[in-house]
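Colleague: Quick one: sequence and predicted model below, then my questions.
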Amino acid sequence: MTRRGLVLGGGGVLGAAWTVGALTALEEQLGIDAREFDEFVGTSAGSVLAALLACGVDVAALREHQLGAEITAGPLSGFHYDHDTAAGGSRPPRPRAALGAPAVIRRGVSGLRRLPPTTVVSSFLPVGTGRLDRVGALIRHVAPTGWAPRAGLTVVALDYDASERIAFGRNGAPEVDLADAVMASCAIPAWYEPVSIHGRRYVDGGAWSSTNIDLMVGLDLDEVFVLAPAVTFDPDTPTRAMTRLERRWRTRVTRRALRELAEVYRDGAQVTLLGPSSLDLEVMGHNIMQAQRRMEVLQTSLQTSRVSLGDPHELGIEQGHVPHEPESADAVTAYTAVDQTESDAASDPAPEPVADAAPDPAPDPAAYPSVLTQEDRP
């Protein structure tokens, strides 16, 4: 029997909406129920969706939940969740005037070099003051105490003071309630206050990695599917400074995701990675917490994800090397890892870095045929 893993990456409120659309397309492509994956790894907003799937919430209910419909059956039945306000708004509250993780900063340059750049930056940020009570209430509605009712769920957070990635749900990790783990995984540094569990402070798992794909290594999986709303292989060409800065961040996230993907592929699993297209990015803008855009983001993802997952490109993995970003951007933004021999690699010129590439044309909506059914519309 085929063992499958599902990685749901971080990406804020709009990343969650995009992921729900991608999950719908993934179910259609594979012909399976997403709740039947053997292993889940969820980070930040992806941890919310992974937890709900592991607690028996189906993708149709996730989609209706995003669209604001009342859920009358299943684990979410009777729970009201206002997506526009639950995360506290599109702007962070004023943080405290204190460094987030001074103990980490005191390690010195040599110690900091061993950490991911996002972890180092998070240590220097001020302490956030926002709260994630409504997110915790959502998870407690489906898992009042303890962990998910099934095995195979991993929720990723960062131990703020130790700068260590914590894979809640795995052997050796602290035993916590699922709601606390998810709130910790979503606690964006400088935006939300760190979540205290058993005397330790935890923040967003995206401060280590937006995807944490490498946590699928060693699980004896045949296939791994990665839905990563912070990754993109089809960059747009924004004019606003803030949006350009956000796209540069996506370039770094993509490169790290490719390194992690290669580890899982070399471990023996077939890996497919899906990120947003330029059309998705145009709808998202630069603020991934702007919840008012989520319905348009979801509907766009339903179209673009179906196109990409219907015919994913191949991504050559050369043993011992990190794969390059794909050289040419197009409407298909799903990539499946395949072997690339040394001779193939020598004959193919390395792609130019994304930051130096020539500007891409504006996204063409015609590349994504409208396949929304009446059921998909709000």
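Modeller: Ah, there it is. Numbering: from 1, shown residues only.

Colleague: Would you agree residue 47 is in contact with residue 205?
Modeller: Yes. Taking C-beta atoms under 8 Å as the definition, residue 47 is a contact partner of residue 205 at 6.9 Å. Heads up, the C-betas are built off the backbone N, CA and C, glycines and all.

Colleague: who touches both of the two?
Modeller: Jointly contacting residue 47 and residue 205 under the rule C-beta atoms under 8 Å, 6 or more residues apart in numbering are 155, 156, 185.

Colleague: Which of those residues fall in helices?
Modeller: Under the assignment DSSP state H, those contribute residue 185 to helices.

Colleague: just the shared contacts of residue 47 and residue 205 now: which is nearest residue 113?
Modeller: Closest to residue 113 out of these is residue 156 (22.2 Å), distances taken as C-beta to C-beta.

Colleague: burial measure for that closest one, as a count.
Modeller: Using other C-beta atoms under 10 Å, residue 156 has 34 neighbouring residues.

Colleague: do the same with residue 291
Modeller: The number of residues near residue 291, taken as other C-beta under 10 Å, comes to 23.

Colleague: swap in residue 117?
Modeller: The number of residues packed near residue 117 is 11, by other C-beta under 10 Å.

Colleague: Whichever strand or helix holds residue 337 packs against which elements?
Modeller: Applying DSSP states H and E as the criterion places residue 337 in strand 334-339. When contacts are defined as 3 or more C-beta pairs under 8 Å, 6 or more residues apart in numbering; DSSP states H and E, strand 334-339 sits against helix 241-266, strand 270-274, helix 294-310, strand 313-317.

Colleague: For the stretch 51-200 of the chain, just list every one of the helices.
Modeller: With DSSP state H, counting those that start in this stretch, the ranges of helices along the stretch 51-200 of the chain come out as 59-66, 102-105, 108-112, 117-124, 133-142, 178-186.

Colleague: Quick one, which of the helices and strands packed on strand 334-339 gets closest to residue 84.
Modeller: helix 294-310 (8.3 Å).

Colleague: Tell me which residues of the closest one come out buried.
Modeller: Neighbour-count burial for helix 294-310 flags 294-295, 297-309 (criterion: 16 or more other C-beta atoms under 10 Å).

Colleague: same thing with stretch 68-87?
Modeller: Buried, per 16+ other C-beta under 10 Å, within stretch 68-87: 71, 75, 76, 81, 83, 86, 87.

Colleague: in terms of contact, does the last one touch residue 135 like I think?
Modeller: To tie it back to what came earlier, the one meant is residue 87. Yes. Using C-beta under 8 Å, residue 87 is in contact with residue 135, at 7.1 Å.

Colleague: Buried deepest among the helices of the stretch 51-200 of the chain, which one?
Modeller: Highest mean neighbour count of those: helix 178-186, a mean of 28 (counted as mean count of other C-beta atoms under 10 Å).
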